[in-house]
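*Asks:* What follows is a predicted structure for the sequence shown.
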Amino acid sequence: MNSTDKSLKEKSIVFIGFMGAGKTTIGKLVANKLSREFIDIDKEIETEYNMTTSAFFKTYGEKAFRQKEKSLISQFSNQPDKIISVGGGAFLQEEVQQNCLSNCMVIFLDVTWDSWKNRLHLLMDSRPVLQGKSEEEIKELFYNRQSIYSKHHLKVQTDTLDSEETADYIVGLLQSAEVYK
């Protein structure tokens, strides 16, 4: 069966959005509610290399990280019934965008800058792309990446919802879709 022949119910779901938008937390909740396997691409890389993402960036560089990320996303996005969380920069790669948009349902977890910057102190140490940057540089990165996230099947604004509410909202939308039944 060609992946484009899959019904929505069979397609894997990919969560995209800026780092710290809740892709992993919400993805796990949605996976649990839909009885699907959850895959966090960053965690897959960390497990394979037995090091944190930050250590991987320092040891091998961002280019190597993006290559490994692309390979894993390609592998998992072609499988049915997965919930996949990709890193905030994964969609910078055209091949990743096309693969996910063709084979999966892509859900963009949208958060405004004002909401997101309140999470900044929680993210600085664990996100290599943020390290050494000023708040103004991070804000510029945030807004520059918004255009890559505009390529999706569903956008969910998360500012006023907690993780559980967001997951319930997404599951409700999916279950109400005729092709999902």
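*Replies:* Good, I have the coordinates. All values derive from a computational prediction rather than experimental measurement. Residues are numbered from 1 along each chain as shown.

*Asks:* got a pLDDT number for residue 172?
*Replies:* pLDDT for residue 172: 93.

*Asks:* Output the helix or strand where it lies as CSV, nothing but the C-alphas.
*Replies:* Using DSSP states H and E, residue 172 sits in helix 163-176. C-alpha atoms of helix 163-176 as CSV (Å, rounded to 0.1, in the frame of the first residue of the first chain):
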residue,chain,number,x,y,z
SER,A,163,-1.1,20.2,27.5
GLU,A,164,-4.1,18.0,28.4
GLU,A,165,-6.6,20.4,26.9
THR,A,166,-4.5,20.7,23.8
ALA,A,167,-4.3,16.9,23.4
ASP,A,168,-8.0,16.5,24.0
TYR,A,169,-8.8,19.2,21.4
ILE,A,170,-6.6,17.5,18.8
VAL,A,171,-8.0,14.0,19.5
GLY,A,172,-11.5,15.4,19.3
LEU,A,173,-10.8,17.0,15.9
LEU,A,174,-9.3,13.8,14.6
GLN,A,175,-12.1,11.6,15.9
SER,A,176,-14.7,14.0,14.4
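
*Asks:* count of neighbours near the nearest residue to residue 108 once chain neighbours are set aside?
*Replies:* Distances taken as CB to CB, 6 or more residues apart in numbering place residue 152 nearest to residue 108, at 3.9 Å, with adjacent residues excluded. To be clear about C-beta, it is placed using only N, CA and C from the backbone, and glycine gets the same treatment. Burial measure for residue 152: 22 neighbouring residues, criterion other CB atoms under 10 Å.
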